[in-house]
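A.B. asks: Have a look at this prediction, sequence included:
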Amino acid sequence: MNKIFIVLLFSMQLLYATESRDINFTQEEKSYLINNKTIYMCNNPNIPPFEFTQNADMKEMQGIAIDVLKIIEKKLNVNFVNIATKDWSESQQYLKQKRCSILPFAVKNSSRTEYASFTKPYISMPLAIFTQKNEPIVSGLEELIDKTMVTKKGSSMIPILKSKYPSLRIDQTKSVADALRKVNSGEVYFTISNVPTATYYMSKYHFDNLQISGYLKVVAKGSIAVVKEDEILLQILNKALSDISQETLDTVYKKWVVPIKQEEKLNYKHVQGVFFAVLILLALFFYRQYLLNKANKKLKKEVAKTTKDLKSLNDNLENKIKEKTKKLEKSLEIISQYVIYSRTDLKGNIIEASDAFCNISLYTKDELIGTAHNISRHPEMPKSAFKQMWQTIQSGKVWSGEVKNRKKDGSYYWVDVDISPEFDNNGHIVSYIAIRHDITAKKDFELQHEQLLKAERLSNMGEMIGNIAHQWRQPLSVISTLSTGVKFQKEFSTLSDEDLINDMDLINSNAQYLSKTIDDFRNFIKGDRKKKRFNLCENIDSFLRIIQGSATSSNIKLVFDLRKDIQINGYPNELIQCLINIFNNSKDALENIEEDNRFIFITSKIVENNVIITFKDNAKGIPQNIISKIFDPYFTTKHQSQGTGLGLHMTYNLIVDGMKGTIEARNVTYTHEDVEYTGAQFRISLPL
């Protein structure tokens with residue numbers, strides 16, 4: 001072991017020894033220490049230099065936190081014993097279950113305070129921006145949004161940065177060390193890390209081309225987490241930590257973070273070469289002194305000229321700074337003019353508002369500043385949404401959402417808003433910043449679109465009512481004929497028991513058919529959007545009963561090839577609506593075909609965990625110049641009085657967005673009963 005390490009180790013032992021002195025414990029705390037000589041801990045195996053494993057063995061922990069515990073052990077005369085876990089997640093779970101009493105190193109957050117208490121922090125971890133040494137210093141992350149960042153995969157920073165800076169490009173690596181390595185080699189522009197961890201890896205892997213280019217307004221602080229109910233242990237550990245001097249903590253910190261250069265052993269085989277090298281260096285030194293004396297005279301002459309040039313350069317620099325300042329002020333004016341921006345204090349009162357915010361809300365700045373933020377709240381917005389928003393930003397997170405606001409004149413406008421907490425240097429929230437984007441036109445379009453979809457559905461319902469009227473004629477005619485015949489036979493005493501039973505069975509079966517048709521129609525128009533498991537064949541039977549009358553009146557023959565056992569987890573009413581929309585399009589196209597030769601074929605099968613439903617006709621196909629547009633909204637070949645152009649568009653949305661499936665249309669040529677046909681085929685694929 002080299003001399004420097006021995007000296008450092010000796011100084012640490014001496015320092016720790018001088019640290020040991022009596023701590024003013026209460027009688028209750030003294031009794032606790034007497035009865036609890038062993039205190040069990042769970043550890044984090046992968047957060048150097050604070051706490052990490054030796055050779056991936058959870059029983060061999062090392063790092064800053066472990067050294068601090070060793071000091072506390074001597075002060076309390078106790079032993080901290082490790083309970084080995086698989087990973088950090090299991091360690092936290094063990095603390096929840098009280099299988100261990102402490103976590104040596106943990107950062108306090110809202111979720112952990114539910115099951116743990118935290119001692120006073122014994123180390124601070126500022127978050128810094130790391131770049132290569134030749135890159136400029138920055139005042140914040142905003143100056144780097146056009147650069148590529150790299151960070152550890154799964155980092156909690158990723159969703160926060162993505163929500164605040166959507167255009168920021170983020171590469172992900174398997175570790176913090178890999179992220180620093182990529183920046184050191186120039187593969188990626190920058191990364192963000194806490195300073196101790198980054199410094200540890202820079203020392204360990206000799207990342208000599210890195211610098212801190214700026215800091216974030218966030219400082220994490222490491223404490224000892226204690227089981228929530230063990231208040232006495234928390235008090236004891238706080239007193240022990242208070243009894244450790246800052247000098248001792250700094251020594252522990254430097255042991256793991258500051259690189260220690262080891263002395264190299266002298267290689268006597270190279271002594272002779274070194275001797276001659278020294279002679280050569282001495283000769284070069286005296287020659288260099290000669291050159292320096294010669295150059296010194298020339299340098300004195302140039303000093304006066306350089307001083308003059310520097311003064312001129314300084315004047316030019318001041319002028320450029322003034323120009324930059326004017327441009328910055330102009331930029332701020334433009335931002336105020338075009339960005340819908342406001343800032344509120346911790347009580348929700350507006351303390352700053354941009355010109356664009358005044359323009360859209362119709363309030364002046366004097367009317368807004370000092371007023372509660374809910375001055376623009378629209379009464380249609382639920383209070384629960386704003387309650388959830390406040391809970392989010394008060395916890396230090398970013399809230400995003402669409403909000404309907406009210407203008408001064410009582411009219412409304414819609415905005416897509418991001419509200420972010422603003423922190424001071426100590427990590428405390430000081431205000432909230434809201435940046436909005438006007439989406440009123442988009443929301444109005446969506447409302448009109450929804451109304452047209454409802455109109456399309458009502459139109460379909462009207463047509464289905466006509467279909468049911470067609471379907472009811474024959475069963476009602478059968479019931480009427482049978483009942484009249486029974487009455488006639490009874491009057492003439494020719495009614496046999498067998499005829500009576502047969503006629504009553506026929507009347508009952510037709511009445512059941514009418515009842516089933518009523519149920520199908522009622523279930524469809526009811527429109528309950530409940531996801532459930534249903535039989536596809538039964539669903540197609542319901543569809544058939546709804547359109548049977550229309551198919552019969554149009555002389556359309558329906559041919560089925562269906563699997564009886566297919567079960568789908570989805571929305572049965574929406575699937576019927578899709579089949580009706582496709583049927584109506586085929587029915588209109590079949591009007592140009594001879595009445596005796598109109599076919600629609602419906603099949604179902606399972607292919608690779610997907611249900612495939614095909615729906616094809618023999619109406620000669622869809623013209624090639626429009627087949628790619630048939631699912632577009634408002635596209636129709638009919639007169640505007642006959643359709644909105646939303647039927648197939650609605651079908652596409654119900655299949656793709658509603659049931660996570662696919663739908664495609666193409667022209668096909670096929671054979672049925674030795675006759676060749678050409679028509680349009682709609683292919684629906686739904687996941688099982």
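C.D. replies: Looks like it came in fine.
A.B. asks: measure the closest residue to N77 other than its chain neighbours to N134 for me?
C.D. replies: Nearest non-adjacent residue to N77, counting by C-beta to C-beta, 6 or more residues apart in numbering: L33, 7.0 Å away. Yep, even glycine has a C-beta here, placed from its N, CA and C like the rest. Plainly put, L33 is 55 Å away from N134 if you go by C-beta to C-beta, to the nearest Å.
A.B. asks: Compare those two (neighbour count), which wins?
C.D. replies: A count of neighbours by other C-beta atoms under 10 Å puts L33 above the other of L33 and N134, at 16 against 8.
A.B. asks: didn't the more buried one look like it was pressed against V78?
C.D. replies: Yes. Proximity of L33 to V78 meets the contact threshold set by C-beta atoms under 8 Å, at 6.4 Å.
A.B. asks: for the chain, where's the lowest mean pLDDT among helices and strands?
C.D. replies: helix 3-19 (a mean of 40; mean pLDDT, DSSP states H and E).
A.B. asks: what sits up against the next helix or strand after that helix?
C.D. replies: As assigned by DSSP states H and E, the chain's next helix or strand after helix 3-19 is helix 27-35. Counting contacts by C-beta atoms under 8 Å, 6 or more residues apart in numbering, the residues outside helix 27-35 that touch it are F25, L76, N77, V78, I232, L233, Q235, I236, K239.
A.B. asks: then helix 27-35 to PDB, C-alphas only?
C.D. replies: What follows is helix 27-35 as a C-alpha-only set of coordinates in PDB (Å, rounded to 0.1, in the frame of the first residue of the first chain):
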ATOM      1  CA  GLN A  27     -32.600   7.900  29.700                       C
ATOM      2  CA  GLU A  28     -35.100   6.400  27.200                       C
ATOM      3  CA  GLU A  29     -32.500   6.600  24.400                       C
ATOM      4  CA  LYS A  30     -29.800   5.100  26.600                       C
ATOM      5  CA  SER A  31     -32.100   2.200  27.400                       C
ATOM      6  CA  TYR A  32     -32.800   1.700  23.700                       C
ATOM      7  CA  LEU A  33     -29.100   1.400  22.900                       C
ATOM      8  CA  ILE A  34     -28.600  -1.100  25.700                       C
ATOM      9  CA  ASN A  35     -31.400  -3.300  24.500                       C
END
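A.B. asks: Mind giving me the packing neighbours of the next helix or strand after that helix?
C.D. replies: Where DSSP H and E defines the elements, the next helix or strand beyond helix 27-35 is strand 38-41. Using 3 or more C-beta pairs under 8 Å, 6 or more residues apart in numbering; DSSP states H and E, the elements in contact with strand 38-41 are strand 79-82, strand 102-107.
A.B. asks: Looking at strand 38-41 now, give me its mean pLDDT.
C.D. replies: Average pLDDT, strand 38-41: 94.
A.B. asks: How many residues are close by the closest residue to S395 other than its chain neighbours?
C.D. replies: In space, and not counting its chain neighbours, S395 is closest to S110: 5.9 Å by C-beta to C-beta, 6+ apart. As a burial measure, S110 scores 9 neighbours (other C-beta under 10 Å).
A.B. asks: now S110: how far from S185?
C.D. replies: Taking C-beta to C-beta, one finds S110 at 38 Å from S185.
A.B. asks: What segments of the stretch 251-400 of the chain are helices?
C.D. replies: 271-338, 355-361, 365-368, 383-394 (DSSP state H, counting those that start in this stretch).
A.B. asks: Buried residues, the last one. List them.
C.D. replies: It stands for helix 383-394. Going by neighbour count (16 or more other C-beta atoms under 10 Å), the buried part of helix 383-394 is M389, T392, I393.
A.B. asks: Sketch out the low-pLDDT regions of the stretch 51-200 of the chain for me.
C.D. replies: Applying pLDDT under 70 to the stretch 51-200 of the chain flags residues 154, 156.
A.B. asks: is it true that E676 lies in a strand?
C.D. replies: Yes. Secondary structure of E676 (DSSP: H, G, I helix; E, B strand; the rest coil): part of a strand.
A.B. asks: what's the neighbour count on the nearest residue to it once chain neighbours are set aside?
C.D. replies: Nearest non-adjacent residue to E676, counting by C-beta to C-beta, 6+ apart: T669, 6.5 Å away. Neighbour count for T669, taken as other C-beta under 10 Å: 11.
A.B. asks: Sweet, I'm off.
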